[in-house]
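Asks: Compute the structure for the input listed below.
(one chain, ligands or ions: 1)
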Amino acid sequence: MRIFSGIQPTGRKHLGNYLGAIRQYVEGQHRSAAVGDVAIYCIVDLHATTVAYEPEVLRERLYDTTAILLAAGLEPERCILFRQGDVQEHTELCWLLTSVTAHGELNRMTQFKEKSAQQRELVSAGLFLYPVLQAADVLAYRAHEVPVGDDQRQHIELMRDIAIRFNARFGETLVVPEHRIPDVGARIMDLQDPTKKMSTTGGTVEGTVYVLDEPGAIEKKFKRAVTDSGSEIVRSPDKPGVTNLLDVLAVARDITPAEAEASMAGARGYGDLKMAVAAAVEEMLAPVRERYAEIRPDEGALEDVLAAGAEKARAIAADTLRDVRRAMGVGPAR
Ligand code: AQP
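Replies: Alright, predicted model coming up:
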């Protein structure tokens, strides 16, 4: 069972990233190791260049994200953690896969539509090709499983279609991966607008809880969370605010949503729910924040982790690329 996932070096990772993806990464590294395989996690700096960015800031944010992942529990001895730009096979495979990707498919990607609408100066061709590079990331490692949040469902479907089409056209070469989207926590909503997902670029500042937020900030954001009419603390489609809070409470406490609901039976109102969620999230994130403070200053050590990870990743990806080139008739026959 080989697991692969990528995460953007946006630095300020939020609660959605943590519950939808990062916690799954930590669990996945143990599950993979238990069956003699390896989980591979990549910080996707090349993806981050598809929208407006500052080069110096990108490098800083990459270290921030690396430190967050290590602080959350990734162990470089148990998994492969590396920087996408260090393994050139990703970009080569991206190009090769464009030959089995339909232009119309890329045009239908909702993330492209949303992100291109946000760009002020340039909608880059890289943004359009983003899902193909993402497919290359996963397919280069012949991964079976991709832990992601719900917003990545469409991209995973596309990468499956790309792999299936490649195998049909050039012969069985690539593994068709499955997504792993958690039952609860796959779509954490913005606390100020619970009809929108918590997001790095599209959300509200007050409605976004960051992994590195101090306890006071976390409490303030939950206290001000937008809830719904009525006072019943139940999960229901017409109560998106309360449902979101109960989901966060459930995953933070490692209980089911039904148990989270039951635990609030004696609550006096939404205020009690907000305080309970804030406390559970603070407790969950405190150790991550503390470890981050220890790990982040040593950029040399972070570079060492990334370089060692890249070497291991390159060995696997180079093997796949050799097969892909051969199957496609690119380069010499042997
Ligand atoms: N709200 C969310 N709930 C659950 N999971 C989420 N993810 C993102 N938002 C939520 C999952 O986090 C992983 C990393 O996402 P990314 O690499 O795309 O990082 P990002 O760009 O900083 O995250 P955002 O918030 O998704 O950015 P925007 O909205 O600006 O594009 C992925 O597995 C994702 O599913």
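
Asks: going forward, measure contacts between C-alpha atoms and count neighbours the same way
Replies: Fine.

Asks: Retrieve the pLDDT associated with R120.
Replies: R120 carries a pLDDT score of 84 in this model.

Asks: That should have said V148, apologies.
Replies: 96.

Asks: Equivalent analysis for V132, please.
Replies: pLDDT, V132: 98.

Asks: Just the element for it, please.
Replies: helix 125-139 (DSSP states H and E).

Asks: That helix: what's the following helix or strand?
Replies: Following helix 125-139 in sequence order, the next helix or strand is strand 145-147 (DSSP H and E).

Asks: just checking, next helix/strand downstream of that following strand?
Replies: Counting by DSSP H and E, the element after strand 145-147 in chain order, helix or strand, is helix 153-170.

Asks: ok, residues contacting that next one?
Replies: Under the contact criterion C-alpha atoms under 8 Å, 6 or more residues apart in numbering, helix 153-170 has outside partners 97, 100-101, 105, 109, 131-132, 134-135, 139, 172-179, 327-328.

Asks: mind redoing it with 6 Å?
Replies: With contacts defined as C-alpha atoms under 6 Å, 6 or more residues apart in numbering, helix 153-170 is touched by P131, A135, T173, L174, V176, A327.

Asks: Check which residues of that helix are buried.
Replies: Under the neighbour-count criterion of 16 or more other C-alpha atoms under 10 Å, helix 153-170 has H155, I156, L158, M159, R160, D161, I162, A163, I164, R165, F166, N167 buried.

Asks: Could you do stretch 287-305 as well?
Replies: Neighbour-count burial for stretch 287-305 flags V288, R289, R291, Y292, I295, R296, L302, V305 (criterion: 16+ other C-alpha under 10 Å).

Asks: From the chain's centre, how far out is the helix or strand of the chain with the lowest mean pLDDT? Work that out for me.
Replies: Lowest on mean pLDDT, DSSP states H and E among the helices and strands of the chain sits helix 110-118, with a mean of 93. Mean-position distance between helix 110-118 and its chain equals 18 Å (C-alpha atoms, centre = their mean, to the nearest Å).

Asks: now do stretch 28-41
Replies: The answer for stretch 28-41 is 17 Å, by C-alpha atoms, centre = their mean.

Asks: interface residues of the stretch 51-200 of the chain facing the ligand?
Replies: 148-152, 185-189, 197-200 (C-alpha under 6 Å from any ligand atom).

Asks: how does it look with 5 Å?
Replies: Within the stretch 51-200 of the chain, the positions adjacent to the ligand are V148, G149, D151, Q152, A186, R187, I188, K197, M198, S199, T200 by C-alpha under 5 Å from any ligand atom.

Asks: what's the closest residue to V146 other than its chain neighbours sitting at in phi/psi?
Replies: Nearest residue to V146, sequence neighbours excluded (C-alpha to C-alpha, 6 or more residues apart in numbering): H179, at 4.7 Å. Backbone dihedrals for H179, given as degrees, to the nearest 10, come out at phi -80, psi 160.

Asks: same check, this time on F82
Replies: The phi/psi pair for F82 (degrees, to the nearest 10) reads phi -150, psi 170.

Asks: My read is that it contacts E311, right?
Replies: No - checked against C-alpha atoms under 6 Å, the pair F82 and E311 is beyond contact range at 8.6 Å.
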